[in-house]
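Visitor: what's the 3D shape of this:
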Amino acid sequence: METLYLPDAFYHSLDESPDDATTLSALADWYEERGDQESAACVRWTIRRGFHPIRFVRDNSQAVTVRGVSWRDGWYWWVIDERNWAEARACRLPPKLWDRLAHSFRYEPGVFKDFPTRRAAYEALFEAWPLFAPRDRVARKWEGAR
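Guide: Numbering: from 1, shown residues only. A predicted model of the protein is given here:
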């Protein structure tokens, strides 16, 4: 049996239950205990807003209404916009945060950014979090678009 180390165990558990507030809270506590206040605050913000990345698997995904031939299996964050191709509202981030997420595309993506693992999706969010102004973290007009 594979031995998982924290925080890998948290992310593995979230693969089974992506919106598990208890696991997400424990993950936030883990980051906080290691002095990473920003990541802890970001995870807690996702809990309050009900945000988490969704998994896309080409051959068996009902998570999206539109598919592209170049789309890869992985974990996706989507931007809140009028297209809303993602069925799951939980993966739709506010534009000012989503815009700051790193991506691996050779072009500027328009509606989604993908990551190979759930952990990579969260780590991209953590990198963008300090650039997402505190005033934009509170409920705004984007909240109604969810």
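
Visitor: Going along the chain, name the strands of this protein.
Guide: Using DSSP state E, the strands of the chain run over residues 54-56, 74-79, 92-93, 112-115.

Visitor: R106: which of these is closest?
Guide: Shortest separation from R106 across the strands of the chain is recorded for strand 112-115, at 13.1 Å, computed as CB to CB. Bear in mind the C-beta positions are built from the backbone N, C-alpha and C, glycine included.

Visitor: Give the pairing partners of that closest one; include direction for each.
Guide: strand 74-79 (antiparallel) (DSSP bridges).

Visitor: Which of the strands of the chain has the lowest mean pLDDT?
Guide: Ranked by mean pLDDT, these end with strand 74-79 in last place, scoring a mean of 70.

Visitor: In the chain, what residue spans correspond to helices?
Guide: Here the chain has its helices, by DSSP state H, at 8-16, 21-33, 37-49, 95-98, 118-128, 134-137.

Visitor: elements contacting the first one?
Guide: Applying 3 or more CB pairs under 8 Å, 6 or more residues apart in numbering; DSSP states H and E, we find helix 8-16 packed against helix 21-33, helix 118-128.

Visitor: quick one, which of those helices is packed in tightest?
Guide: Mean neighbour counts were taken over the helices and strands packed on helix 8-16 using mean count of other CB atoms under 10 Å, and the top value, a mean of 20, falls to helix 118-128.
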